[in-house]
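**Student:** Here you go, sequence then predicted model.
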Amino acid sequence: MNCAMTSVMRALESDGSTVRLNASRPTPELQPGDAVVRPTRVAASALDALIAGVDQAAGVANRLNGFIGVLGRSFVGVVERVENCASNDLVGKRVVGSAVTWCGRCDMCTAGFRMHCRHRTMLGIHGRDGCLAEHLTLPAVNLHVVPNSIDDDCAVFANYLAAALQTARQLTIQGRPYITVLGDGPLGLLMAQVTARMNASVRLLGRHQSKFSKCEKWGIKHRHIDEVGRRADQDIVIDCSGSADGFTTAMALARPRGTVVLKSLLGPSATMPADLSPIVLNELQVIGSWCGPLNEAITELQCGNIDVVSLISRRMRLDEGAAILKAAARPDTITVLVDV
């Protein structure tokens, strides 16, 4: 296989305020142990648009607006080269990759908490170029081979599904609890599917009627968030809304000594709720939940236990540039699949 790369490539990049397709971006530099991957498909969602600052008026808050570099967080692709590493058996393999990279040397890494590495970078989010490009680099240890039984349309959702599975690992299920998932984006819809298999009564609350048909297909209860009372009767509330309002709603929905799981990235740009007293007065347990096990996500996809294809709202090409993120930011969009 000829693994030579040209010196420039096409990439969808942000300068912190605007997004453009750069047809002559320098190809990424390699470090020992890095793999060069040619993405074949990338999943773009509203979070990617917000990271790039495309839709500041969407009411979704995160601390990552203004990212400078190549965008894109979730991909499936083919390994073309591995730099000075024993992992050359990856060359030619179809892979997905963890969006979080780690140093392997800090106290967190040596204690087994690599996702919390003191020097971590995050693909297309913080400190590392993303995957909306003709090539990307990731440490070979971040890559997972995709079985032939999983097609690209499914494999590209591995990171999203891994994040949902991580939350399931963090929960203790007793009896048949009432679980509410807030948010009808790709993570919320996957979270609803995952928790529905946990001997629980699950409902999803969202704002977009067009997305509720997915829940009907899966047999999961669903309602518009404005139609639901805040009666403090839910055992577990999982906030995938991406908004500070979502956290406020989650606190109002959770019963005393219930659990609130926060999946949203809320930071200085968010209008955080002034009243956090329900956490104290109702003795709520608040759990943060982040990335998860890609190997388990691949297994679930291989078994066909989770429907990810229904999350595809639109297909586009990398050459369509900034229009990709505008499409991803639309209220009726779940995920845009991008052919690179």
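**Tutor:** Here it is on my side, so go on. For clarity, every value in this text was computed on a predicted model and none was experimentally measured.
**Student:** Could I get the average pLDDT for stretch 210-217?
**Tutor:** Stretch 210-217 carries an average pLDDT of 93.
**Student:** Please spell out which residues along it are buried.
**Tutor:** 211, 212, 214, 215 (16 or more other Cβ atoms under 10 Å). C-betas here are computed from N, CA, C, even on glycine.
**Student:** Return the distance of residue 52 relative to residue 71.
**Tutor:** Using Cβ to Cβ, to the nearest Å, we find residue 52 at a distance of 6 Å from residue 71.
**Student:** In terms of neighbours, single out the busier of those two.
**Tutor:** Per other Cβ atoms under 10 Å, whichever of residue 52 and residue 71 has more neighbours is residue 52, with 31 against 28.
**Student:** residues near residue 311, how many?
**Tutor:** 24.
**Student:** going forward can the numbers begin at 7, since that is how I track them
**Tutor:** Taking 7 as the first residue, the last one we looked at is residue 317.
**Student:** May I ask you to confirm that it is in contact with residue 195?
**Tutor:** Yes. Using Cβ atoms under 8 Å, residue 317 is in contact with residue 195, at 6.2 Å.
**Student:** Return every residue with contacts to both of those two.
**Tutor:** 220, 340 (Cβ atoms under 8 Å, 6 or more residues apart in numbering).
**Student:** For residue 151, give me its contacts.
**Tutor:** Residue 151 touches 96, 99, 100, 101, counting by Cβ under 8 Å, 6+ apart.
**Student:** now, which of the residues you listed lie within helices?
**Tutor:** Within the contacts of residue 151, no residue falls in helices by DSSP state H.
**Student:** quick revisit: how about the buried residues of stretch 216-223 in JSON lines, adding distance to residue 205?
**Tutor:** Putting those into JSON lines (distance: Cβ to Cβ, whole Å) gives the following:
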{"residue": "217", "distance to residue 205": "25"}
{"residue": "218", "distance to residue 205": "24"}
{"residue": "220", "distance to residue 205": "22"}
{"residue": "221", "distance to residue 205": "19"}
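**Student:** any weak-confidence spans in this protein?
**Tutor:** Counting by pLDDT under 70, the chain shows low-confidence ranges at 7-12, 61-72, 91-93, 272-280.
**Student:** how about the helices in it?
**Tutor:** 52-57, 113-116, 158-161, 164-176, 192-201, 215-224, 250-259, 283-287, 300-309, 329-334.
**Student:** Return the most buried member of the ones you listed.
**Tutor:** Among the helices of the chain, ranked by average contacts under mean count of other Cβ atoms under 10 Å, first place goes to helix 192-201 (a mean of 26).
**Student:** how close does the residue nearest to residue 142 when sequence neighbours are not counted get to residue 216?
**Tutor:** Closest residue in space to residue 142, ignoring its immediate chain neighbours: residue 43 at 5.4 Å, by Cβ to Cβ, 6 or more residues apart in numbering. According to Cβ to Cβ, residue 43 stands 34 Å off from residue 216.
**Student:** cool, residue 319 as well?
**Tutor:** Residue 319 is 9 Å from residue 216, by Cβ to Cβ.
**Student:** residues shared between the contacts of these two?
**Tutor:** Common neighbours of residue 319 and residue 216, using Cβ under 8 Å, 6+ apart, are residue 338.
**Student:** list the contacts for residue 243?
**Tutor:** With Cβ under 8 Å, 6+ apart, residue 243 has these contacts: 185, 186, 188, 255, 256, 259, 260, 264, 265, 266, 267.
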